[in-house]
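# Return a 3D structure for these sequence lines:
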Amino acid sequence: MLRLQIPKNRMNYLIDGLQAHYDAAQVESGWDVYHKGKVSGVELYGTEIHALVREARAYDVIIDLEDFKKSECSCPEEGGWCAHIP
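Prediction:
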């Protein structure tokens, strides 16, 4: 199981960001992808979580724990928050 040492205030910010930008079904889908082993290389770099999400293609995901709006994904999704972040 994944063990990152994320400070409580950053974890709370992440939870708030997910709730603000995704509905419960999207977050549940993200957990499903994770539990199926499609997320790898999860590392904490300062205030960012970096991971590789492998579905039809592999995408690099960066979740910014200081400014959720700066989170990014290498997928071609435009105009909003993609499904690889939650």
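
# in its sheet, what does the helix or strand hosting Tyr59 sit against?
Under the criterion of DSSP states H and E, Tyr59 resides in strand 58-64. Strand pairing for strand 58-64, determined by DSSP bridges: strand 48-54 (antiparallel), strand 72-73 (antiparallel).

# so how far is that strand off the chain centroid?
Here strand 58-64 is found 7 Å from its chain centre; the criterion is CA atoms, centre = their mean, to the nearest Å.

# Can you give me the first-to-last residue distance of stretch 39-58?
One end of stretch 39-58 sits 9 Å from the other (CA to CA, to the nearest Å).

# buried set for that stretch?
39, 42, 49, 51-53 (16 or more other CB atoms under 10 Å). Just so you know, the C-beta spots here come from the backbone N, C-alpha and C atoms, and that holds for glycine as well.

# Spell out the secondary structure type for Arg10.
Here Arg10 is helix, with the state taken from DSSP: H, G, I helix; E, B strand; the rest coil.

# which residues does it contact?
Each residue near Arg10 by CB atoms under 8 Å, 6 or more residues apart in numbering is listed here: 47, 65-66.

# now do Ala20
Contacts of Ala20 by CB under 8 Å, 6+ apart are Phe68.

# and it, what pLDDT?
According to the prediction, Ala20 has pLDDT 82.

# so which helix or strand takes in it?
Per DSSP H and E: Ala20 is located in helix 8-21.

# Now the element after that helix, going C-ward?
Remark: after helix 8-21, the chain's next helix or strand is helix 24-35, criterion DSSP H and E.

# What sits closest to Glu66 if chain neighbours are left out?
Thr47 (4.5 Å; CB to CB, 6 or more residues apart in numbering).

# list the contacts for the one you found?
10, 64-66.

# Need phi/psi at it.
Thr47 adopts backbone torsions of phi -110, psi 20, taken as degrees, to the nearest 10.

# measure it to Asn12 for me?
Using CB to CB, to the nearest Å, Thr47 is found at 13 Å from Asn12.
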